[in-house]
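>>> Structure, please.
(2 chains)
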Amino acid sequence: MAQAAVAHVEGQQHPIKLYLVVWGWLFVLSTCSYLVDYFGLHGYLRWSLILVFMILKAGLIVAVFMHMAWERLALMYAILVPPVLVLVFVGIMVFESNYTLFTRLIFFGPGT
Amino acid sequence: MADVALANTGAAPTRPSGWQGIAADWSSDQRAFKNVSWGKAMMWIFLLSDTFIFSCFLLSYMTVRMSTTVPWPNPSTVFALTIGGTTIPLILIAIMTFILISSSGTMAMAVNFGYRHDRVKSAALMLVTAAFGATFVGMQAFEWTKLIMEGVRPWGNPWGADQFGSSFFMITGFHGTHVTIGVIFLIIISRKVLRGDFDREARGFFTSQKGRYEIVEIMGLYWHFVDLVWVFIFALFYLW
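Have a look, this model is predicted:
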């Protein structure tokens, strides 16, 4: 059974057009994120747009270029869930750096 | 039960899918990744570990940037270039981004042609990818030279927080190293493709395994990962 499958299916086969479309979208999204800086957007609008474009680009690369969309769920979860847990680390370090900033302002305030 | 050889990448169609599939794939004494060869699974796991390394770099950058009382230098002006009399913000980094994305596009097509056993097209596209990668590293060398001439050091810079230099050199240096290794890896594999090693299943010098076109896809995974890391560096370091 597996032998027969090997004979006619080798690796990932997708039309070239798919890659070209994704390539085009990556260009569009990169241009958009560059324009965020070019037009000098500020504050939460800037940060949320940067993050949205970043996540969309990363998603397209992983899903299509790296063929993750066609892998079995067991591999997908094994590879994609651990990086998400880095967000916990981000949370810890945000807490920590706020504290560092607080102590610096208290003990080494501006002008000293 | 189908006897799936370790090198077999063919789909085994009768496995359950969804959550039941995860439980079935991971449970009992068997291979967890059913239709993925060891080479590809190991590359994925290596990339996962590399993700944590880059996460740590970006996290330490976030921590020093959030905790400093001195204003952070504005990347938009630090990385601006004056072309033909007009100063364009961040233009060098934008061009580098487009170059790396293009290299990912050509790499994806090289994988596709590899599986179609189109040796010449696959090798040519890989060499184009390598050329894009080398261009990227060249532009990065230019960027480093420019910043060092302007007085950026790991311990200080003329515009603001001292931590800017150390974060910059650490993150982009590590990424540039990855790109350089990828270019070398690409040239080696494209030579093998062009020589027809994978058509006659020549054994590799290191693992002595039969050569298969899957190595082009594994190479591609590494290359796309380098592009993926740049997406995060571009967003979090250059644009933030």
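>>> can we go C-alpha only for contacts and neighbour counts from here?
Fine.
>>> ok, how many other residues are close to residue 69?
Here I'm looking at chain A. Residues within reach of A:Ala69, counting by other Cα atoms under 10 Å in any protein chain shown, total 14.
>>> that's the other chain; I wanted chain B
17.
>>> Would you agree it is in contact with A:Thr103?
No: with contacts counted by Cα atoms under 8 Å, B:Thr69 stays clear of A:Thr103, the gap being 10.4 Å.
>>> Tell me the helix or strand right after the one helix or strand A:Pro83 maps to.
Using DSSP states H and E, A:Pro83 maps to helix A:73-84. On the C-terminal side of helix A:73-84, the closest following helix or strand by DSSP H and E is helix A:86-107.
>>> quick one on the thing from earlier: which secondary structure elements does the helix holding A:Pro83 sit against?
With contacts defined as 3 or more Cα pairs under 8 Å, 6 or more residues apart in numbering or on different chains; DSSP states H and E, helix A:73-84 has these neighbours: helix B:18-26, helix B:38-67.
>>> Of those helices, give the one that comes closest to A:Leu87.
Minimum separation from A:Leu87 across the helices and strands packed on helix A:73-84 (Cα to Cα) falls at helix B:38-67, 9.7 Å.
>>> Show me what counts as buried in the closest one.
For helix B:38-67, the neighbour count (16 or more other Cα atoms under 10 Å in any protein chain shown) marks B:38, B:40-41, B:44, B:47-48, B:51, B:54-67 as buried.
>>> what helix or strand does A:Leu60 sit in?
Counting by DSSP H and E, A:Leu60 is part of helix A:43-60.
>>> outside of that helix, which residues touch it?
Counting by Cα atoms under 8 Å, 6 or more residues apart in numbering or on different chains, helix A:43-60 makes contact with A:22, A:26, A:29-30, A:32-33, A:36, B:228, B:231-232, B:235, B:239-240, all of which sit outside it.
>>> Alpha carbons only: can I get it in PDB?
The C-alpha atoms that make up helix A:43-60 are tabulated as PDB, following Å, rounded to 0.1, in the frame of the first residue of the first chain:
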ATOM      1  CA  GLY A  43       1.300  55.000  19.000                       C
ATOM      2  CA  TYR A  44      -1.100  52.000  19.100                       C
ATOM      3  CA  LEU A  45      -2.000  52.400  15.400                       C
ATOM      4  CA  ARG A  46       1.600  51.900  14.400                       C
ATOM      5  CA  TRP A  47       2.300  49.000  16.700                       C
ATOM      6  CA  SER A  48      -0.900  47.100  15.900                       C
ATOM      7  CA  LEU A  49      -0.300  47.600  12.100                       C
ATOM      8  CA  ILE A  50       3.300  46.400  12.400                       C
ATOM      9  CA  LEU A  51       2.200  43.300  14.400                       C
ATOM     10  CA  VAL A  52      -0.700  42.500  12.000                       C
ATOM     11  CA  PHE A  53       1.600  42.700   8.900                       C
ATOM     12  CA  MET A  54       4.300  40.700  10.700                       C
ATOM     13  CA  ILE A  55       1.900  37.900  11.600                       C
ATOM     14  CA  LEU A  56       0.300  37.800   8.200                       C
ATOM     15  CA  LYS A  57       3.800  37.500   6.500                       C
ATOM     16  CA  ALA A  58       5.000  34.900   9.000                       C
ATOM     17  CA  GLY A  59       1.800  32.900   8.500                       C
ATOM     18  CA  LEU A  60       2.100  32.900   4.700                       C
END
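>>> And the average pLDDT for the helix or strand hosting A:Tyr34 is what?
According to DSSP H and E, A:Tyr34 maps onto helix A:16-38. The average of the pLDDT scores along helix A:16-38 is 93.
>>> what's the closest residue to B:Ile93 other than its chain neighbours in contact with, if anything?
Nearest residue to B:Ile93 in three dimensions, chain neighbours excluded: B:Phe79, at 7.3 Å (Cα to Cα, 6 or more residues apart in numbering or on different chains). Taking Cα under 8 Å, 6+ apart as the criterion, B:Phe79 is in contact with B:Pro89, B:Leu90, B:Ile91, B:Leu92, B:Ile93.
>>> What of A:Ser97?
Counting by Cα under 8 Å, 6+ apart, A:Ser97 has contacts B:Thr63, B:Val64, B:Met66, B:Ser67.
>>> and with 6 Å instead?
B:Thr63, B:Met66, B:Ser67 (Cα atoms under 6 Å, 6 or more residues apart in numbering or on different chains).
>>> With B:Asn112 instead?
Applying Cα under 6 Å, 6+ apart, no residues contact B:Asn112.
>>> at 7 Å instead, please
A:Gln13 (Cα atoms under 7 Å, 6 or more residues apart in numbering or on different chains).
>>> can you give me the angle the strand or helix carrying it makes with helix A:16-38?
B:Asn112 is part of helix B:91-115 when elements are defined by DSSP H and E. For helix B:91-115 against helix A:16-38, the angle by axes from the mean of the first three to the mean of the last three Cα atoms, to 10 degrees is 170 degrees.
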